[in-house]
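[1] the following block contains a protein sequence and its predicted model.
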Amino acid sequence: MSNSLSDAEARLALHEVERGRQRVIDQIGMPRWYWWGLAACWIVLGVLTDVANAWVVAVATLIFGAVHSAVSQRLLGGRRRTSGVKVRAEVVGRRAPVIVFGFLIALAGVTTAAGFAAYADGAEHPGTMASVLVAVMILLGGPRVMAAIRTRARGGTPR
Amino acid sequence: MREDDGFDDLIHPATRLSIVALLAAADWADFAFVRDELGLSDSALSKQLSTLEEAGYVAIERPVSERRRRVRARLTPLGRARFAGHVAALRGIIAASP
């Protein structure tokens, strides 16, 4: 049959192949609840830093780390935004988990810097202030990071 | 069904090509996801998946999650190889055109 297939028909078929790939790339991301949950936990930890003793903060941080580690093992690569499809790792790209992890590390750095800055400025609740700032960054920046990963997967074409 | 150049008559029809192309980018996909993305009816998708499954190109799994029985489809290694060959054949046709 390939002998009877025209150039135009072959192009049409390849276009359909690419559309199938794009449909799956559109599914790359993290569930919305992940970002909202992360932002909420960040604020809780920030508030605890201001009002609780060091032991409570340490235990809460360890619990947060353990729960986040368990959840993010499934989600961090951006392959399971919905329960309907699991995107292939090679489609998402090997760097996707590193990019998301880097984003989280940067947020931790911003929290620490903002907390110290607020403390130096004499703020009454520097931990809370810093965590609210970063929670907003999580909600605004998280989906943007995933959009950037989708753009990379499309080969640099944003949608 | 499969020619020497990798062209695969089983994969090539438009609906089947769309299904296989979608599955090729995924580890697995739910029946409902494929159906909704491609705008197919349940019966049309079932028929196409059965054809692909009989050929050994697709594996159908029925995991139970959240107390619901789901139907998942995934390309088998044979299906992936045949799809890659088919895409290469299509590219070959375009490359050979004047």
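    That came through, no problem.
[2] CA atoms only for the longest helix anywhere in chain B, dumped as CSV, please.
    Counting residues, the longest helix found in chain B (DSSP state H) is helix B:77-96. Extracted as CSV, the C-alpha positions of helix B:77-96 are listed here (Å, rounded to 0.1, in the frame of the first residue of the first chain):
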residue,chain,number,x,y,z
PRO,B,77,6.9,-3.5,22.4
LEU,B,78,5.8,-5.0,19.1
GLY,B,79,3.2,-2.2,18.7
ARG,B,80,5.9,0.4,19.4
ALA,B,81,8.3,-1.2,16.9
ARG,B,82,5.6,-1.4,14.2
PHE,B,83,4.5,2.2,14.9
ALA,B,84,8.1,3.4,14.6
GLY,B,85,8.5,1.5,11.4
HIS,B,86,5.3,3.0,10.0
VAL,B,87,6.4,6.5,10.8
ALA,B,88,9.7,5.9,9.2
ALA,B,89,8.0,4.6,6.1
LEU,B,90,5.8,7.7,5.9
ARG,B,91,8.9,9.9,6.2
GLY,B,92,10.5,7.8,3.5
ILE,B,93,7.6,8.5,1.1
ILE,B,94,7.9,12.3,1.7
ALA,B,95,11.7,12.2,1.4
ALA,B,96,11.4,10.3,-1.9
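[3] so residue B:58 touches residue B:48, yeah?
    No. In this structure, residue B:58 is not within contact of residue B:48 by C-beta atoms under 8 Å, at 9.1 Å. C-beta coordinates here come from the backbone N, C-alpha and C atoms, glycine included.
[4] so where do the helices sit in chain A?
    Taking DSSP H as the criterion, chain A carries its helices at A:7-25, A:32-51, A:54-75, A:89-92, A:96-120, A:126-153.
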